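A.B. asks: I'd like to go over a predicted model; first the sequence, then the structure.
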Amino acid sequence: MPIISFWNPTGVGQTGTTATMVSVANSLAIKNPRYKVLLAQTHYKSLKMESAYFNLDKMASKGNMDDITDIGVDALERLLRSNKITPESIKTYSKPKGQTIEVLYGSFKSDKDSFNRVLETVPFMLDYASQCYDMVFVDLTSGTSVKEVNDILEKSDIIVVTLNQDKEILRKMITQFNTLKVLQEKPILPVFARYDQYLAYNARNILRNFNFKFDKREVYTIPYNSQYFDALNDGKSLEFFLDHMNADLATTREGWFISEVDHIREKLLKMLGDKISEK
């Protein structure tokens, strides 16, 4: 089944990539619950994806962290190197959230050499994961300097590229779009994440003034929503969607936010077409 990577090519942080991936996964969980989705990530010393679904601070305060340090990619790396990994291993070492989302924890390794040893096995884990999930979402480290990130991009069926409204970052992204082979060969879905429609560099002005080489009619936005980012920090991102799934589009910020995410979900499914199983 397809692998969808969420990525910013510039190597600049704070582009909303993790929040974008989590948002689309939550929309799928509510609107298309027939699809089982695995979420994974490649970041060093970051558990933002995991924290969007589980309150890790609360778990640590209760002494429950030992329960989660032996799951995820750290555990799977040992299985893979001993040639004992199977597609079902991915399910065994992932943590479910609701009925359709499963979260594969990233590495807890604190030293870079140990982390890199785990990271080099992640592309192989995704091959196994794609055999037992309808979709695999991967939150990738930004930039192009990490070999494993490039390997995963090559495996991806779609790359969701998160855009930024900062002028200097946009100029860097133009270069990436014009020179990176993977962005020219793979289907991409461009998204302005953490979007502020009131900035001078709004989507319309950016697309008019910057020469991005993609269909400008197919660019999406996810507006910044403070309640949603609070929910991300509290491990309640899915609950936010459930609480506001019927919010009015015209009169509430939450309704507009969810509506914009839903548009991305619909486009993603359309792009995948017959690559996802019919159920």
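C.D. replies: Received, thanks.
A.B. asks: switch to C-alpha atoms for all contacts and neighbour counts from now on
C.D. replies: Will do.
A.B. asks: Helices along the stretch 1-150 of the chain, start to end?
C.D. replies: For the stretch 1-150 of the chain, applying DSSP state H, counting those that start in this stretch gives helices covering 17-31, 48-51, 56-61, 72-81, 87-92, 112-119, 122-129, 147-155.
A.B. asks: just the angle between the top strand by length along the chain and helix 17-31, please?
C.D. replies: Ranked by number of residues, the top strand in the chain under DSSP state E is strand 188-195. Strand 188-195 and helix 17-31 are oriented at 100 degrees to each other (axes from the mean of the first three to the mean of the last three Cα atoms, to 10 degrees).
A.B. asks: what's the distance between stretch 141-149 and the middle of its chain?
C.D. replies: For stretch 141-149, the separation from the chain centroid amounts to 15 Å (computed by Cα atoms, centre = their mean, to the nearest Å).
A.B. asks: Give me the below-cutoff pLDDT ranges for the stretch 151-279 of the chain.
C.D. replies: Scanning the stretch 151-279 of the chain for pLDDT under 70 picks out the ranges 213-217, 277-279.
A.B. asks: Give me the next element, helix or strand, following the longest strand of the chain.
C.D. replies: Using DSSP states H and E, the helix or strand that follows strand 188-195 in sequence is helix 203-209.
A.B. asks: worst average pLDDT in the helices of the stretch 1-150 of the chain?
C.D. replies: Per-stretch mean pLDDT for the helices of the stretch 1-150 of the chain is lowest at helix 56-61 (a mean of 64).
A.B. asks: Quote the end-to-end distance of stretch 163-170.
C.D. replies: Taking Cα to Cα, to the nearest Å, the first and last residues of stretch 163-170 lie 8 Å apart.
A.B. asks: Quickly run through the sheet partners of the longest strand of the chain, with directions.
C.D. replies: Taking DSSP bridges as the criterion, strand 188-195 sits next to strand 158-163 (parallel), strand 220-223 (parallel) in its sheet.
A.B. asks: which outside residues touch that strand?
C.D. replies: 15-17, 20, 158-165, 203, 218-225, 268 (Cα atoms under 8 Å, 6 or more residues apart in numbering).
A.B. asks: okay if I get the strands paired with strand 188-195 as TSV plus distance to residue 190?
C.D. replies: Formatted as TSV, these follow (distance: least, Cα to Cα, whole Å):
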stretch	distance to residue 190
strand 158-163	5
strand 220-223	6
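A.B. asks: okay, those strands in a markdown table with mean neighbour count and distance to residue 234 next?
C.D. replies: Shown next, in a markdown table, are the strands paired with strand 188-195 (neighbours: other Cα atoms under 10 Å; distance: least, Cα to Cα, whole Å):
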| stretch | mean neighbour count | distance to residue 234 |
| --- | --- | --- |
| strand 158-163 | 24 | 23 |
| strand 220-223 | 22 | 19 |
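A.B. asks: Figure out which of the ones you listed is closest to residue 76.
C.D. replies: strand 158-163 (24.7 Å; Cα to Cα).
A.B. asks: And for that closest one, what's in contact with it?
C.D. replies: Strand 158-163 is touched from outside by 3-9, 15-17, 20, 153, 170, 186-193, 272, with contacts defined as Cα under 8 Å, 6+ apart.
A.B. asks: Tell me the buried residues in stretch 124-135?
C.D. replies: By 16 or more other Cα atoms under 10 Å, the buried positions in stretch 124-135 come out as 125-135.
A.B. asks: same question, stretch 27-47
C.D. replies: Within stretch 27-47, the residues that count as buried by 16+ other Cα under 10 Å are 27-30, 35-44, 47.
A.B. asks: Okay, and residue 171 sits in which element?
C.D. replies: With DSSP H and E as criterion, residue 171 is part of helix 167-179.
A.B. asks: which strands and helices sit next to that helix?
C.D. replies: Under the contact criterion of 3 or more Cα pairs under 8 Å, 6 or more residues apart in numbering; DSSP states H and E, helix 167-179 touches helix 181-185.
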